[in-house]
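> Kindly generate the corresponding structure for this input.
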Amino acid sequence: MVDKDRIEGAGKEAKGSVKKGVGELTGDDKMKAEGSMDKAEGKVQNTAGKAKDKARDALD
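The predicted structure follows:
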């Protein structure tokens, strides 16, 4: 079973990548920065979910 943080984190990473790309294409520095922040936040959340999965697997 995959932790929900992994799924949500992957979604945020994808959203951040798209947002950053649109910001780069349009020259919108604010959108580009928001995309980078979303991507980083998603990566952290995904990593936390992986840690929870490993802990759960270790207990099983």
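
> When you work out contacts or count neighbours from here on, use the C-alpha atoms and nothing else.
OK.

> ok, the residue lying farthest from the centre of the chain to D3 distance?
Distance from the C-alpha centroid of the chain peaks at D60, with 27.1 Å (C-alpha atoms, centre = their mean). Using C-alpha to C-alpha, to the nearest Å, D60 is found at 15 Å from D3.

> which residue ranges form the helices in the chain?
4-26, 29-59 (DSSP state H).

> Contacts only, for G11.
By C-alpha atoms under 8 Å, 6 or more residues apart in numbering, the residues touching G11 are G42.

> now swap in K20 and tell me
K20 neighbours (C-alpha under 8 Å, 6+ apart): 31-36.

> Check T47 too.
T47 touches R6, counting by C-alpha under 8 Å, 6+ apart.

> Can you tell me the closest non-neighbouring residue to the spatially most central residue of the chain?
Closest residue to the average C-alpha location of the chain: G42 at 1.8 Å, with C-alpha atoms, centre = their mean. Distance criterion C-alpha to C-alpha, 6 or more residues apart in numbering; nearest residue to G42, sequence neighbours excluded, is G9 at 4.0 Å.

> D38 too?
Nearest to D38 is G16, by C-alpha to C-alpha, 6+ apart, at 4.7 Å.

> pretty sure that neighbour is in contact with S36, am I right?
Yes - contact criterion C-alpha atoms under 8 Å: G16 and S36 qualify, at 5.9 Å.

> more crowded one of those two?
Neighbour count, other C-alpha atoms under 10 Å: between G16 and S36, G16 has more, with 24 against 21.

> which ones are touching A33?
If you count contacts by C-alpha under 8 Å, 6+ apart, A33 has them with K20.

> Distance of it relative to K43?
15 Å.

> Over to E34?
E34 is 14 Å from K43, by C-alpha to C-alpha.

> higher neighbour count, those two?
K43 (20 against 16).

> in the contacts of K20, which two residues are the furthest apart from each other?
Largest separation among the contacts of K20 by C-alpha to C-alpha: M31 and S36, giving 8.6 Å.
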